[in-house]
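> Pasting the sequence and the predicted model now:
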Amino acid sequence: MVITIDGPAGAGKSTVGRELAKSLGFTYLDTGAMYRAVALAALKSSVSIDDANGLDTLCPGLVIKFSGSRILLNGKDITEDIRTPLMDRLSSAVSAVPVVRTHLTRLQREMARGIDLVAEGRDMGTVVFPHAEFKFFLTASPEERARRRKGDIERKGIDMPFEEILAAIRARDAADSNRPVAPLRPAEDAVLVDSSELNISQVIELMTRHVKNRMRASTISP
Ligand code: DC
């Protein structure tokens, strides 16, 4: 069974996805981390984000794997390296390149084969897993997402003005939503969850209840 969670940056998808997967005994797949891994690989190999041919050659040689909550690129742990403001921008840019999306879509479907999965990203319910049993679209206002992001950044000891974080969030929303290939948008059959006024535990509870109620009401079993 596949459960998809799509939504903009900073809506809480990762925390919610991880917890939902844990409570259901499913595997969690962070597809944003995979786009970040490709962006990091391109940076390290000096392949420009505008160079579609270069990216097409680069992608098949990349081994992207998860080990618990860590992500490995060609065997190297890159979990921290991909979480920087530069990688926010580069991953958004690389995710608009069709050859990269084709490559990662294939890989994500392979990773889902034969297992129960909570898949989180931007196009999980619309493109990668259109037949997923449960689809959620998790969002929150840009201001609330910027507040949460500021908290995350501060915990890493970095001080960044709120306005700068908000502008970066708005820019990434616009880039992710307006690209021609697999833009960020809710699937028609997705349940919309606005987390602006809810804390993470409330969101997890709401989603878990929705999944369990529907499983109980039908013959679906995990
Ligand atoms: O969720 P994230 O912030 O780690 O994602 C990084 C970038 O990757 C984001 O700006 C958009 C892109 N992305 C995507 O296009 N499709 C996905 N399924 C996941 C992420």
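Structure received.
> what's the distance between the most centrally placed residue in the chain and Glu197?
Most central in the chain under C-alpha atoms, centre = their mean is Gly121, positioned 2.9 Å from the mean C-alpha point. Gly121 sits 24 Å away from Glu197, going by C-beta to C-beta, to the nearest Å. Quick note: C-beta positions are derived from backbone N, CA and C, even for glycine.
> cool, Met207 as well?
Taking C-beta to C-beta, one finds Met207 at 16 Å from Glu197.
> The two: which has the busier surroundings?
Neighbours around Met207 and Glu197, counted as other C-beta atoms under 10 Å, are more numerous at Met207. The numbers are 24 against 9.
> contacting residues for that one?
By C-beta atoms under 8 Å, 6 or more residues apart in numbering, Met207 lies in contact with 5, 16, 20, 136, 193.
> Recalculate using a threshold of 7 Å.
Each residue near Met207 by C-beta atoms under 7 Å, 6 or more residues apart in numbering is listed here: 16, 20, 136, 193.
> What mean pLDDT does the helix or strand hosting it get?
Using DSSP states H and E, Met207 maps to helix 200-217. Averaged across helix 200-217, the pLDDT comes to 89.
> Am I right that Ala41 sits in a helix?
Yes - Ala41 forms part of a helix when assessed by DSSP: H, G, I helix; E, B strand; the rest coil.
> residues near the residue nearest to it when sequence neighbours are not counted, how many?
Leaving aside its chain neighbours, Ala41 sits nearest to Leu62 (5.4 Å; criterion: C-beta to C-beta, 6 or more residues apart in numbering). A count of neighbours around Leu62, defined by other C-beta under 10 Å, yields 18.
> contacting residues around Leu62?
38, 41, 73-74.
> rerun at 10 Å
Neighbour list for Leu62: 34, 37-38, 40-42, 45, 73-74, 103-104, 107 [criterion: C-beta atoms under 10 Å, 6 or more residues apart in numbering].
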